[in-house]
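Participant: A structural model of the following input is requested.
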Amino acid sequence: MRIGITLILLLGGCKPPPEGRAAMPGADVQRGRALVQRTGCAACHVIPGIRWPQGRLGPDLTHFARQGMIAGRVPNRPDMLAAFVRNAPALVSGTTMPAMPLNEGEARDVAAYLYTLD
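Facilitator: From the prediction side, this is the model:
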């Protein structure tokens, strides 16, 4: 019985994210893509459209927009994603993703770009 309840709760985190979640007023997808390239996100992640490098340390971001959770622990919402991109260790202790040298607007741009990865 406990295993069944645990499985149901865990599967709840696997639901597709709600429609319209990617709306990020004022964010610029193209700036976000440029920031992803400039800050070297692909050194740790596979990111569609960015050929080199193709890192394997972090998760593959190919279908990031479809994920219900960020790092398996944080709801995949625009505000949470921007905060995670900027300072992942503040939200998820023990994460291997470092705090990034981005201001709030840049983090929102990166988040807007990540939501195009569907």
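Participant: Packing partners of the top helix by length along the chain?
Facilitator: Secondary structure of the chain per DSSP state H: the longest helix is helix 78-91. Where contact means 3 or more CB pairs under 8 Å, 6 or more residues apart in numbering; DSSP states H and E, helix 78-91 is packed against strand 69-70, strand 74-75, helix 104-114. All C-beta atoms are positioned from the backbone trio N, CA, C, and that covers glycine.
Participant: of all the ones you listed, which lies closest to S93?
Facilitator: Nearest to S93 among those is strand 74-75 (11.5 Å), distances taken as CB to CB.
Participant: what comes into contact with the closest one?
Facilitator: Strand 74-75 is contacted by residues 68-69, 80, 84, 91-92 when judged by CB atoms under 8 Å, 6 or more residues apart in numbering.
Participant: Got a PyMOL select line for the buried ones in the residues you listed?
Facilitator: Entered in PyMOL, the line below selects the buried ones among the contacts of strand 74-75, by 16 or more other CB atoms under 10 Å:
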select buried, resi 84+91+92
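Participant: Output the contacts of strand 74-75 in a markdown table; the columns should cover pLDDT.
Facilitator: Formatted as a markdown table, these follow (pLDDT from 0 to 100):
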| residue | pLDDT |
| --- | --- |
| G68 | 94 |
| M69 | 94 |
| M80 | 96 |
| F84 | 96 |
| L91 | 94 |
| V92 | 94 |
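Participant: Can you add distance to V110 and give the contacts of strand 74-75 back as a markdown table?
Facilitator: Listed next are the contacts of strand 74-75 as a markdown table, based on distance: CB to CB, whole Å:
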| residue | distance to V110 |
| --- | --- |
| G68 | 19 |
| M69 | 18 |
| M80 | 13 |
| F84 | 10 |
| L91 | 15 |
| V92 | 17 |
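Participant: tell me the most buried of the helices and strands packed on helix 78-91?
Facilitator: Across these, averaging neighbours per residue (mean count of other CB atoms under 10 Å) puts helix 104-114 on top, at a mean of 23.
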